[in-house]
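Peer 1: would you be able to build a 3D model of this:
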Amino acid sequence: MILKASERGHAANLARHLMNARDNEHVALHELRGFVADDLEGALKEADAISRGTRCKNFLFSLSLSPPEHEPVSVEVFETAIEQIEQRLGLPNHPRAIVFHEKEGRRHAHAVWSRIDPVALKAINLPHYKRKLNDIARELYLEHGWDMPNGFKEGRSRDPLTFTLAEWQRAKRTGRDPKQLKATVQACWNGSDSKAALKASLRENGFLLAQGDRRGFVLVDLRGEVHSLSRLSGIKSKQLADRLGDPTALPTVEDQKAWLASRMTERLQKHIRALEDRHAKKGLVLEQHRRDLVARHRRARTALKVVQTDRWAQEERKRAARLPRGIKGIWSWITGRLKEVRLRNAHEIAQTERRDRDEREALIADQLKERRKLQTLVQSKRARQEKERSALDRDLSAYLALDAEARRDAERRGPSLDRPSRPVPGRRRGYRSQDQGPNGPDHEI
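Peer 2: Residues are numbered from 1 along each chain as shown. Modelled structure (predicted):
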């Protein structure tokens, strides 16, 4: 189970993020402990108000718990892990909230604690919490027999295809798979041994090398989006500089965008729009299916909640009827019978809570299984579209590398941009275009 945490403030923003039902298919407030409010925003605002009596700015400790993608994980496993974490970090009995999210057939949890001790009015220090969370995560993988990521097996080793939120958002804008994007750039880096070879390999896959503002080396794709070369390749800036030299020797981002604009004719833009429109239309059917499925699942959960609420009220009336009143109540208290009835009611309440939870968990497990089947189709569609998009980028790159006369001939013939690209006859890796560019007649792409 991957554990990611941070000390933070901004209680209202965090509450809105955790209860966001737009980006998550299902959101459930599972627990509020130690708060007066019965909603998450009110609870976290309570923590904010208490923190005003201290000088602590990051008065919340926010934790996300993400189990392996294809492992069915029960609520009890999440609860046990959260209890273990709060004991290990020194947050027992602190006000706490737990929220469950479901998306794309996966369920993960968020836990938020107030760091403020309400009695002593001081923030609990959490030294080395990242190292402690890594130890707990490794223990959870071993305890449950889950397939452990390489980062836990080999210490500093980590998945080179992981991506940040900013990278995911940028890839989403361009319709690219962020992991595939990283894999492509890393393959270009690993398959080249010089600056010229890397530029040629990147160009063939639809990327132009440029100098960035603060990031040193960046990539400009054929749609004008800018990407950090260091982040996508997983290579540190010093290693990039050793192979690529001074970044100021490269064209700027604006120069590369202007060069692209000068060559990206209406015909080429039409090919790009046609592919994007075709992908969008193919995705509409699955997206509508997903929305219908989510709506049906929500109705089923609401119906189960109504049934359980009505049943609970009926059973509660039966339990209340067992309690003797008046003189009989006094006598039953003297004889000890009242205690027996209360113990019986408490035992039934525990059984009822377990029964209702098992029913909810069984329903959610079935729905997650159904949702994962749909997600398999979605991932297959994304993989096909990524291949088509990569093939189009390679064809566009080959076309843009032609000189002006060859491009005019290709325009007359009609470029076959929907087929996988083939090497351009007579072109060598690291070819220099003779067209006028931002750095003179030998502008390199």
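Peer 1: mind listing what's buried in stretch 20-33?
Peer 2: Neighbour-count burial for stretch 20-33 flags Asn24, Glu25, His26, Val27, Ala28, Leu32 (criterion: 16 or more other Cβ atoms under 10 Å). In this view, the C-beta of every residue, glycine as well, is placed from N, C-alpha and C.
Peer 1: no wait, stretch 241-250
Peer 2: For stretch 241-250, a neighbour-count test (16+ other Cβ under 10 Å) marks Leu244, Pro247, Leu250 as buried.
Peer 1: of those, which belong to helices?
Peer 2: Judged by DSSP state H, the subset of those located in helices is Leu244.
Peer 1: closest to Arg325 among the buried residues of stretch 241-250?
Peer 2: Within these, the smallest distance to Arg325 is 84.6 Å, found for Pro247 (Cβ to Cβ).
Peer 1: what's the nearest residue to the closest one if we skip its chain neighbours?
Peer 2: Once flanking residues are discounted, Pro247 sits nearest to Gln211: 4.2 Å by Cβ to Cβ, 6 or more residues apart in numbering.
Peer 1: residue ranges for the strands of the stretch 51-200 of the chain, please.
Peer 2: With DSSP state E, counting those that start in this stretch as the criterion, the stretch 51-200 of the chain has strands at 60-66, 96-103, 106-114, 116-117, 122-123.
Peer 1: now those as CSV including distance to Arg138, mean neighbour count and mean pLDDT?
Peer 2: Listed next are the strands of the stretch 51-200 of the chain as CSV, based on distance: least, Cβ to Cβ, whole Å; neighbours: other Cβ atoms under 10 Å; pLDDT from 0 to 100:
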stretch, distance to Arg138, mean neighbour count, mean pLDDT
strand 60-66, 14, 21, 94
strand 96-103, 22, 21, 94
strand 106-114, 18, 23, 93
strand 116-117, 29, 20, 88
strand 122-123, 28, 16, 88
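Peer 1: now distance to Val226 too, for those, in CSV please.
Peer 2: Compiled in CSV, these are given as follows (distance: least, Cβ to Cβ, whole Å):
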stretch, distance to Val226
strand 60-66, 29
strand 96-103, 28
strand 106-114, 31
strand 116-117, 42
strand 122-123, 40
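Peer 1: among those strands, which comes closest to Val306?
Peer 2: Closest approach to Val306 among the strands of the stretch 51-200 of the chain (Cβ to Cβ): strand 96-103, 19.9 Å.
Peer 1: in the stretch 251-400 of the chain, where is pLDDT below threshold?
Peer 2: For the stretch 251-400 of the chain, the stretches flagged by pLDDT under 70 are 264-268, 271, 399-400.
Peer 1: strands of that one, residue ranges please.
Peer 2: Under DSSP E, counting those that start in this stretch, the stretch 251-400 of the chain gives no strands.
Peer 1: quick one, helices of it?
Peer 2: 253-263, 266-322, 326-335, 337-400 (DSSP state H, counting those that start in this stretch).
Peer 1: tell me which of those sits nearest to His128.
Peer 2: Minimum separation from His128 across these (Cβ to Cβ) falls at helix 337-400, 34.7 Å.
Peer 1: how far does the closest one sit from the chain's center?
Peer 2: For helix 337-400, the separation from the chain centroid amounts to 15 Å (computed by Cα atoms, centre = their mean, to the nearest Å).
Peer 1: check stretch 128-148 too.
Peer 2: Relative to its chain's centre, stretch 128-148 lies at 20 Å (Cα atoms, centre = their mean).
Peer 1: and it, which residues are buried?
Peer 2: For stretch 128-148, by 16+ other Cβ under 10 Å, it's Tyr129, Lys132, Leu133, Asn134, Ile136, Ala137, Arg138, Leu140, Tyr141.
Peer 1: as a markdown table, the residues you listed with distance to Glu353 would be great.
Peer 2: Below are the buried residues of stretch 128-148 laid out as a markdown table (distance: Cβ to Cβ, whole Å):
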| residue | distance to Glu353 |
| --- | --- |
| Tyr129 | 32 |
| Lys132 | 32 |
| Leu133 | 30 |
| Asn134 | 34 |
| Ile136 | 27 |
| Ala137 | 29 |
| Arg138 | 32 |
| Leu140 | 25 |
| Tyr141 | 30 |
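Peer 1: alright, calling it a day.
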